[in-house]
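Engineer: what would the 3D arrangement of this be:
(one chain, ligands or ions: 1)
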Amino acid sequence: MDWGLANRMHRMFSPATHNTVMLAVDHGYFMGPTHRLENAGATVAPLLPYADALALTRGMLRHTVPPTAQTPIVLRVSGGATILQDDLSHEAVTTSMTDAMRLNVCAVALSVFIGAPHEHESLVHLGDLVNDGEQAGMPVMAITAVGKELEKRDARYLALACRVSAEMGAHIVKTYFCEGFSKVVEGCPVPIVVAGGPKLDSDRAALELARHAIDEGAHGIDMGRNIWQSDHPVPMLKALRAIVHDKATVNEAMDILAAEKGPEVAAPRARRPQPS
Ligand code: R5P
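Structural biologist: This next block holds a predicted model:
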């Protein structure tokens, strides 16, 4: 791996733990103003100091993140379909490597849609992006997207999608956690980070997901909704960091979450009418 590419990788993945906590806020590129991401700048600002990398599009980077930010950027460079379409796989590379370099980002990311109508194009786009990335010293992260078919997220499918992405030359693969996740990791020779997916029932469930993913070989998370749709985004991110970097158990992470939240303020009781 050339020095520039290796340096960018090491800025995102801790040299001490080899893991990363990426904060994903790229949802708007196909979902529009997602709940709690309507004002992305306001959502991101308090979280930024606790993220090892921030994943977003060039539009949101330029308009919502101050250029004084030191956090490595993972730039989403694919797009071209929105949730108004049934088929979300009709994507292309929408941001050039030249613009990624100009933005001084640490990685570029695009979705691959294995088994979807535009599987072929998405894989060719990945190959082309890796060609450009190798030239520029820019890591490429492949995202194994499932579109609206969330039920696709099983080990057999994800193992295939991750392996194909690595074979195309991706330097990092982002995928989903699933039962039998270690099989997905086993077949993929590059670091895997896991997305959170739609908001889970509880903060604990998201922490459990992260704990299981790390235990089964993930090199970190690239999580969005389960952080910024939580009622306590910063404490949640700190608790996730403890899992990813400090080997915290779920109970220990829950303790961190509780401590960071501070004392819950009890709702004022209704006053009983006093006898006159
Ligand atoms: C899709 O919109 C993006 O790839 C997200 O970055 C990815 O799904 C991670 O975000 P979340 O944890 O909300 O699924």
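Engineer: residues contacting the nearest residue to residue 160 once chain neighbours are set aside?
Structural biologist: With sequence-adjacent residues excluded and distances taken as C-beta to C-beta, 6 or more residues apart in numbering, residue 160 is closest to residue 114, at 6.3 Å. All C-beta atoms are positioned from the backbone trio N, CA, C, and that covers glycine. Neighbouring residues of residue 114 by C-beta atoms under 8 Å, 6 or more residues apart in numbering: 144, 157, 160-161, 164.
Engineer: quick check: residue 114 vs residue 60, distance?
Structural biologist: 27 Å (C-beta to C-beta, to the nearest Å).
Engineer: who's in contact with the closest residue to the ligand within the stretch 51-200 of the chain?
Structural biologist: Closest to the ligand within the stretch 51-200 of the chain is residue 196: 3.1 Å, counting by C-beta to the nearest ligand atom. Under the criterion of C-beta under 8 Å, 6+ apart, the contact partners of residue 196 comprise 24, 206, 209, 221, 223-227.
Engineer: likewise for residue 19?
Structural biologist: Applying C-beta under 8 Å, 6+ apart, one finds that residue 19 lies in contact with 13, 214, 219-220, 244-245.
Engineer: in helices, which of those residues fall?
Structural biologist: Residues of the contacts of residue 19 located in helices (DSSP state H): 214, 244-245.
Engineer: in TSV, list these along with neighbour count and pLDDT.
Structural biologist: Output for the ones in helices among the contacts of residue 19, formatted as TSV (neighbours: other C-beta atoms under 10 Å; pLDDT from 0 to 100):
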residue	neighbour count	pLDDT
214	21	98
244	27	98
245	18	98
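Engineer: so which of these reach the ligand?
Structural biologist: Residues of the ones in helices among the contacts of residue 19 in contact with the ligand (C-beta under 6 Å from any ligand atom): none.
Engineer: quick revisit: now, which of the contacts of residue 114 lie within strands?
Structural biologist: Using DSSP state E, the members of those that fall within strands are residue 144.
Engineer: how about the longest helix seen in the chain: buried residues?
Structural biologist: In terms of residue count, the longest helix belonging to the chain (DSSP H) is helix 119-136. Of the residues in helix 119-136, those with enough neighbours to count as buried (16 or more other C-beta atoms under 10 Å) are 121-123, 125-126, 129-130, 132-134, 136.
Engineer: what ranges do the helices span in the stretch 101-250 of the chain?
Structural biologist: Counting by DSSP state H, counting those that start in this stretch, residue ranges of the helices within the stretch 101-250 of the chain are 119-136, 155-167, 181-186, 203-215, 225-228, 233-246, 250-261.
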